[in-house]
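Peer 1: Show me how the following folds:
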Amino acid sequence: MALYINSCSVVGRDLAMRCVLGSNTKFGALMYNGTTRRNWSSIYHKTNYNREEPLFDKILIANRGEIACRVIKTCKHLGIKTVAVYSEADSQSLHVHLADEKVCIGPAPSKDSYLRMDRILAAVKDTGTQAVHPGFGFLSENKEFSKALADDGVVFLGPPSKAMAAMGDKIESKLIGKKAKVNIIPGYDGVVKDADEAVKISNDIGYPVMIKASAGGGGKGMRIAWNDQETRDGFRFSSQEAASSFGDDRLLIEKFIDNPRHIEIQLVADSLGNAVYLNERECSIQRRNQKVIEEAPSPFVDPAMRKMMGEQAIALALAVGYQSAGTVEFLVDSQKNFYFLEMNTRLQVEHPITECITGVDIVYEMIRVGKGYPLAYKQSDIGVKGWAFECRVYAEDPYKGVFGLPSVGRLNMYEEPLNQTNVRCDSGIYEGSEISIYYDPMISKLVTYGDTRNEALEYMRKALDAYVIRGVSHNISLLRDVINEPRFIQGHLTTNYLTEEYPDGFKGKQPTAEEQKQMSAFACCIYAKDEIRSRKFQGVSRVATDTTHPDKFDLSVTLFGNTHTAVVRQEHDKFIVTIDGVDVVLSDTFNLSKPLLEVNIDGEDHIFQCPKRENNGHMRLRFEGTVFDVHVLGQAAAELMKLMPVKAVVDHSLEIRSPMPGSLVSIAVEVGQEVVEGQEMCVIEAMKMQNSLPAEKNSKVKAIHFKAGQTVAEDDLIIELE
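Peer 2: Numbering: from 1, shown residues only. This next block holds a predicted model:
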């Protein structure tokens, strides 16, 4: 396939900047990709950008999305030209517009584009690139890619291939860790050959065990097994996911530490034998072994423990001649014993929170180290300034599957909450972007920082409330609920947090009686304000047969199936809503034409969103992340609505429908086959994760409508039962 190379036009860059700036330009000139100039200087307060220090003229980013935009941001700050590579599906992506040059490297699937080493190497050569930043995922931990670049005289902005090979292989890294006197989890040090051997090893170690890919990370190819059958299933799914994500299906098995914390150490090392650790990150809030919320520092780690963990991380890095940025992950038990889990030989997804509490631009240090300079810092220079949180905002429906199944579609409205205090938002999209089935469903990394943990947490609440995403499902409701949970606020975290707090799955925010009253009152105000607005045109009463302004609105409001009578009166700059005889006072400060509805209710400030409002009185209100269905009608219309027939509930228990868009990996049954409740019917892969769909009841297969390998859309009927 011929590579397409083009210098991004001024028009393209202008489009990118307009996409990034959006409606937030009134809050000041913004830096690229979700960071104000004010925030840039406050976050990277310790970094001294030495523009007299020769670096590279041109860097190619062998990645996509938000991490490509993140690297471009620092390169632009330094005056370094950038090259973006992209698949055909990413031709209008933000990173393509932000870069100085762009190269198309193939069709949408990763295996035909971002994992095609030959095409990226050709792009490097054709553009005269001096260095390559791999980001994370894809080829970022591929030793052959690193070696190929070195052979061509191009700098890989990451560790040497030898160090990458040693640390990237979880089996070898554990052996090296033992020699470096790093605490190691008990487990099997070899490669597991097949499912039978996996069962034998698991019984030798003792359940529960963790089955995971020897190469790669990010939660891909990982399963927890509590018995022999789960081990067999875990071996099958983990090996398939590992092969799909990393091109390497080797697995290892180790003891699973129940109720642990996941705490990691960020480090940076140079080629001269110097290394520093940039403190720790708490990454215990996870689903499907993938992180959801991170914070730095950890509320569990004291200075002495931080020092011990940091020194072990440095010892491991120096043992393999490591250089560049890397992260050593540990599992920590309730007694503060910590065990080496793995080392990620790349820039980590959650690096922004470390930058916020240390003031260090990690990407800049990676570029400097790649050029051969010594580290700009000694360990004594690294401190902890304040606190930072990161919420991973995914295009997922948190009410489906294990705390989220992917959602695809076009972002028909998108506004990042950059007008809120101390907010950083690393993203690679803009309004109009398409979320596809081919890549990770992450929309952005929303970061807030403050002087204390509670302050940073309060900034995060406001930022999540002010984040506007329409067109795809997203997990903001889950994120917003978690950070409001008493246990989370107290910092009592484990990797089992989500399953412990939501044992029956996530059901959304459960509002108190007072909050239900406030939502009902606000919904009535929206109805009344819309009625008043419809009688006016540009602030002047319409010329109509009836221009009278009603003194009050007699309404009926229904929330959670409970209907209440309400009376709305407007007085100057406020509304007074009487619900079942109780008055609620709301400020008349919100604008129905805006996506964010900011209102004061009985002295408390709130941010609502109303993503849907229909003529039949139905509206959807987003409150603290969760969307609620509310019905508001005039009293007369409400009485007539009682006469309408109720729609019958359809039984879908004899249907196997796709819960998300994806590819049908396999079908485990055939027509006429008897199946039992819980039996696997088929496997769907979406965004690099495989999901098994079971039968809901004992039945027989009536029809199969798709074949393995075909693409399915959300709610497609795959198998019929009888």
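Peer 1: now what about the host helix or strand of Ala566, what contacts it?
Peer 2: Secondary structure assigned from DSSP states H and E places Ala566 in strand 562-571. Residues lying outside strand 562-571 but in contact with it, judged by CB atoms under 8 Å, 6 or more residues apart in numbering, are 520-521, 524-525, 527-528, 532, 551-558, 575-580, 588, 635, 638. Using the backbone N, CA and C atoms, a C-beta is placed for each residue, glycine as well.
Peer 1: cutoff 7 Å now
Peer 2: Contacts with strand 562-571, where a contact means CB atoms under 7 Å, 6 or more residues apart in numbering, come from 520, 524-525, 528, 552-557, 575-580, 588.
Peer 1: Give me the contact list for the longest helix anywhere in the chain.
Peer 2: In the chain, with assignment by DSSP state H, the single longest helix is helix 513-533. Surrounding helix 513-533, the residues in contact under the criterion CB under 7 Å, 6+ apart are 511, 553, 555, 557, 559-560, 564, 566, 568, 570, 575, 577, 579, 584, 586, 592, 599, 601, 608, 610, 619, 621, 623, 628, 630, 632.
Peer 1: Hmm, Val182 is touching Ala315, no?
Peer 2: Yes: using CB atoms under 7 Å, Val182 is in contact with Ala315, at 6.5 Å.
Peer 1: more neighbours, those two?
Peer 2: When Val182 is set against Ala315 and neighbours are counted by other CB atoms under 10 Å, the residue ahead is Val182, at 23 against 16.
Peer 1: Which SSE is immediately downstream of the strand holding Ala566?
Peer 2: Toward the C-terminus, strand 562-571 is succeeded by strand 574-579 as the next helix or strand (DSSP H and E).
Peer 1: what comes up buried for that following strand?
Peer 2: Of the residues in strand 574-579, those with enough neighbours to count as buried (16 or more other CB atoms under 10 Å) are Phe575, Ile576, Val577, Thr578, Ile579.
Peer 1: can you check stretch 86-97 too?
Peer 2: Of the residues in stretch 86-97, those buried by neighbour count under the rule 16+ other CB under 10 Å are Tyr86, Ser87, Ala89, Asp90, Ser93, Leu94, His95, Val96, His97.
Peer 1: Just give me the longest strand of this structure.
Peer 2: Among the elements of the chain assigned as strand by DSSP state E, the one spanning the most residues is strand 275-287.
Peer 1: Now the element after it, going C-ward?
Peer 2: Later in the chain than strand 275-287, the nearest helix or strand by DSSP H and E is strand 290-296.
Peer 1: from the chain's centre, how far out does the following helix or strand past that following strand sit?
Peer 2: The element immediately downstream of strand 290-296 (helix or strand, assigned by DSSP H and E) is helix 303-319. When distances are taken as CA atoms, centre = their mean, to the nearest Å, helix 303-319 is centred 28 Å away from the chain's centroid.
Peer 1: Kindly report the same for stretch 670-683.
Peer 2: On CA atoms, centre = their mean, the centre of stretch 670-683 falls 33 Å from that of its chain.
Peer 1: again, but for stretch 356-371
Peer 2: Between the centre of stretch 356-371 and the centre of its chain there are 23 Å (CA atoms, centre = their mean).
Peer 1: and Val712, what does it touch?
Peer 2: When contacts are counted by CB under 7 Å, 6+ apart, Val712 touches Ser658, Pro661, Gly662, Leu664, Ile684, Phe706, Ile718.
Peer 1: and those residues as JSON lines, adding secondary structure and distance to Ser324?
Peer 2: Converted to JSON lines, the contacts of Val712 look like this (DSSP: H, G, I helix; E, B strand; the rest coil; distance: CB to CB, whole Å):
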{"residue": "Ser658", "secondary structure": "coil", "distance to Ser324": "41"}
{"residue": "Pro661", "secondary structure": "coil", "distance to Ser324": "36"}
{"residue": "Gly662", "secondary structure": "strand", "distance to Ser324": "35"}
{"residue": "Leu664", "secondary structure": "strand", "distance to Ser324": "40"}
{"residue": "Ile684", "secondary structure": "strand", "distance to Ser324": "37"}
{"residue": "Phe706", "secondary structure": "coil", "distance to Ser324": "45"}
{"residue": "Ile718", "secondary structure": "strand", "distance to Ser324": "45"}
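Peer 1: Quick check: of those residues, which lies closest to Gly190?
Peer 2: For the contacts of Val712, the closest approach to Gly190 (CB to CB) belongs to Ile684, at 32.0 Å.
Peer 1: Tell me, how many residues neighbour that closest one?
Peer 2: Burial measure for Ile684: 24 neighbouring residues, criterion other CB under 10 Å.
Peer 1: Next, Asp440: secondary structure please.
Peer 2: Taking DSSP: H, G, I helix; E, B strand; the rest coil as the rule, one finds Asp440 in the coil state.
Peer 1: measure the residue lying closest to it once chain neighbours are set aside to Thr47 for me?
Peer 2: Excluding the flanking residues, the one nearest Asp440 by CB to CB, 6 or more residues apart in numbering is Met687, at 5.7 Å. Counting by CB to CB, to the nearest Å, the gap between Met687 and Thr47 amounts to 34 Å.
Peer 1: Which residue, other than its chain neighbours, is closest to Lys46?
Peer 2: Leaving out its chain neighbours, Lys46 is closest to Gly359 (CB to CB, 6+ apart), at 3.1 Å.
Peer 1: No further questions, thank you.
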